[in-house]
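> Got a sequence here, can you model it:
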Amino acid sequence: MKKIFCVLLAGLFCGALAGCGGGETSGSGGGNDNSSGGGSQETFEDKIFDGIDAVFDESLGYYNAYPSAIQEGATRYLYYTRNTVKYDGTTSSIAVRVGTYSGGSWTYGEPKTCIAVSESGWDSGGVFMADVVKGTFSYGGESYSYLMAYSGTDRADGNDADIGLAVAKTPDGEWVKVGTQPLVTFNSSEWDTVGLSWYPGAIEPSLVSFDEGGKVWLFYEESEVFKSNYAWELDLSDLDNIVRGGRKVIERTGVSDLGTSNPLLYGGDFVYDPDSDYLFAAREGRTTATANPIVADEVQVLRSSMDILDEIVQGPTQEEPRVWWEEVGDSIDAGATAHPTDDTRIFGYTRIFSPCIVSDPYGRLLEYGSLELLFTTQASEGDERLPADREDAYEYSQMIHSMVITY
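Numbers count the residues shown, from 1 in each chain. Just a heads-up that it's a prediction; the model follows:
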């Protein structure tokens with residue numbers, strides 16, 4: 001499984017579902033979601049900064065995790081997972097912030113809820129890990145220009161997740177959930193014979209358009225006994241009549257963690273560069289964490305020929321399997337995230353996970369030779385700088401950061 005997922009979501013989705021309905025359409029309509037309701041003004045609590053700044057500020061008590069971003073011209077749409085009620089992990093949602101570029105940096109507006117948990121069904125326990133692609137999609141007699149894939153579950157602990165879809169006419173909504181059943185269903189009973197009591201399920205969806213219309217590749221991770229990354233060719237032009245093509249297991253040769261050959265592309269986010277015909281993947285690297293959350297401590301970018309999605313034929317004279325993946329640029333770890341001018345933050349972050357590559361609306365690389373990576377950091381359980389009266393405060397400390405990798 002993705003190294004962070006169980007520890008993080010088990011805490012965030014514990015307890016009963018509390019007042020965040022969602023149904024077929026988004027629960028918010030728009031505007032500022034940065035409130036716990038009741039009309040009272042919340043107290044802003046600073047998060048713990050050990051290194052570079054977050055791309056936007058939000059109070060401790062709200063987790064900001066699993067980023068995904070598309071850029072159209074001078075506007076950026078940053079999707080991420082957050083709780084809509086402070087210190088209440090049962091109110092999970094997919095939110096978006098609209099970014100504008102000025103003075104060499106991006107400034108993001110207030111969060112707007114795209115989708116929340118449904119009142120019943122497969123995503124009534126939690127929604128998380130969304131990715132968005134532009135195209136031409138029809139559903140229920142309406143035409144839409146944006147498609148979202150997201151993970152959801154009916155369990156309070158976030159496990160046994162499936163992947164579903166939502167559509168919108170604009171990148172910041174209104175979002176409409178597609179149908180009442182997921183696109184990708186995970187059945188943990190198929191693996192119960194090995195004695196494990198839980199599985200994360202189908203997680204980390206990543207969308208890439210290959211025709212700028214309705215045909216997409218859906219990349220995702222399925223965390224079962226034999227953990228695998230998959231790519232599924234889909235025609236989603238008519239979401240009332242989905243055409244499913246072949247599903248391929250993504251080869252992992254060339255990926256390594258602490259000397260382990262062929263590990264999973266943990267937390268994989270995929271983008272395509274049509275000029276070079278490379279497939280790029282951002283992934284979580286090794287972990288040495290021993291305190292909660294036990295998550296990755298670095299993220300890295302890899303690339304492979306797009307031939308990896310074609311039928312693989314081993315030639316008669318080929319003695320060794322092809323090495324598909326190679327690392328691009330330098331990994332991002334605690335040292336890389338140290339603040340360059342603030343000597344109180346020179347050690348950087350030791351919990352670094354859930355990366356994504358900022359892409360164009362079709363899931364394609366913005367610029368060859370340089371890419372921007374967004375990723376999540378988190379404080380550790382028991383950090384003395386967290387509120388002493390909240391043992392779970394570390395679960396709500398996640399922040400999203402940005403760094404550029406050149407190669």
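> which stretches of the stretch 301-407 of the chain form strands?
All strands of the stretch 301-407 of the chain, identified by DSSP state E, counting those that start in this stretch, fall at 326-332, 352-357, 370-377, 399-406.
> Burial-wise, tell me which of those strands comes out on top.
Per-stretch averages of neighbours, counted by mean count of other CB atoms under 10 Å, single out strand 352-357 among these, with a mean of 28. Backbone N, C-alpha and C define where each C-beta goes, glycine included.
> Give me the helices and strands touching that strand, please.
Strand 352-357 is packed against strand 65-72, strand 269-273, strand 278-284, strand 299-305, strand 370-377, with contacts defined by 3 or more CB pairs under 8 Å, 6 or more residues apart in numbering; DSSP states H and E.
> Determine which of the strands of the stretch 301-407 of the chain approaches S209 most closely.
Proximity of the strands of the stretch 301-407 of the chain to S209 was assessed by CB to CB; the nearest stretch is strand 352-357, lying at 14.9 Å.
> any weak-confidence spans in the stretch 151-300 of the chain?
Under the criterion pLDDT under 70, the flagged ranges of the stretch 151-300 of the chain are 189-198, 223-227, 258-262.
> That one: strands as residue ranges?
Ranges of strands within the stretch 151-300 of the chain are 162-168, 176-177, 201-209, 215-223, 228-235, 243-249, 256-257, 260-261, 269-273, 278-284, 299-305, based on DSSP E, counting those that start in this stretch.
> about what we covered before: adding distance to R252, write the strands of the stretch 301-407 of the chain out as a markdown table.
Converted to a markdown table, those look like this (distance: least, CB to CB, whole Å):
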| stretch | distance to R252 |
| --- | --- |
| strand 326-332 | 12 |
| strand 352-357 | 17 |
| strand 370-377 | 20 |
| strand 399-406 | 21 |
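> S145: which of those strands is closest?
Nearest to S145, of all those, is strand 352-357, at 20.8 Å by CB to CB.
> Now do the closest one and strand 65-72, the angle between them.
Interaxial angle, strand 352-357 versus strand 65-72 (axes from the mean of the first three to the mean of the last three CA atoms, to 10 degrees): 10 degrees.
> Not counting strand 352-357 itself, show me its contacts.
Residues external to strand 352-357 that are found in contact with it (CB atoms under 8 Å, 6 or more residues apart in numbering): 3-4, 65-69, 131, 267, 269, 271, 280, 282-284, 295-299, 301, 332-334, 337, 365, 371-378.
> how distant is it from the center of its chain?
Chain-centre distance of strand 352-357: 7 Å, with CA atoms, centre = their mean, to the nearest Å.
> Which ChimeraX command selects the buried ones in the contacts of strand 352-357?
A single ChimeraX command selects the buried members of those (16 or more other CB atoms under 10 Å):
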select :3,4,65,66,67,68,69,131,267,269,271,280,282,283,284,295,296,297,298,299,301,332,333,334,337,365,371,372,373,374,375,376,377,378
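> Reformat the strands of the stretch 151-300 of the chain as CSV; add distance to W122.
Shown next, in CSV, are the strands of the stretch 151-300 of the chain (distance: least, CB to CB, whole Å):
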stretch, distance to W122
strand 162-168, 5
strand 176-177, 10
strand 201-209, 11
strand 215-223, 15
strand 228-235, 18
strand 243-249, 18
strand 256-257, 32
strand 260-261, 34
strand 269-273, 23
strand 278-284, 26
strand 299-305, 29
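> Quick one: closest of those strands to F137.
strand 162-168 (5.5 Å).
> quick one, the closest one and strand 201-209 angle?
Using the same axes, to 10 degrees: strand 162-168 against strand 201-209 is 40 degrees.
> list the helices and strands strand 162-168 packs on?
If you count contacts as 3+ CB pairs under 8 Å, 6+ apart, strand 162-168 packs onto strand 112-116, strand 142-153, strand 176-177, strand 201-209.
> Thank you, goodbye.
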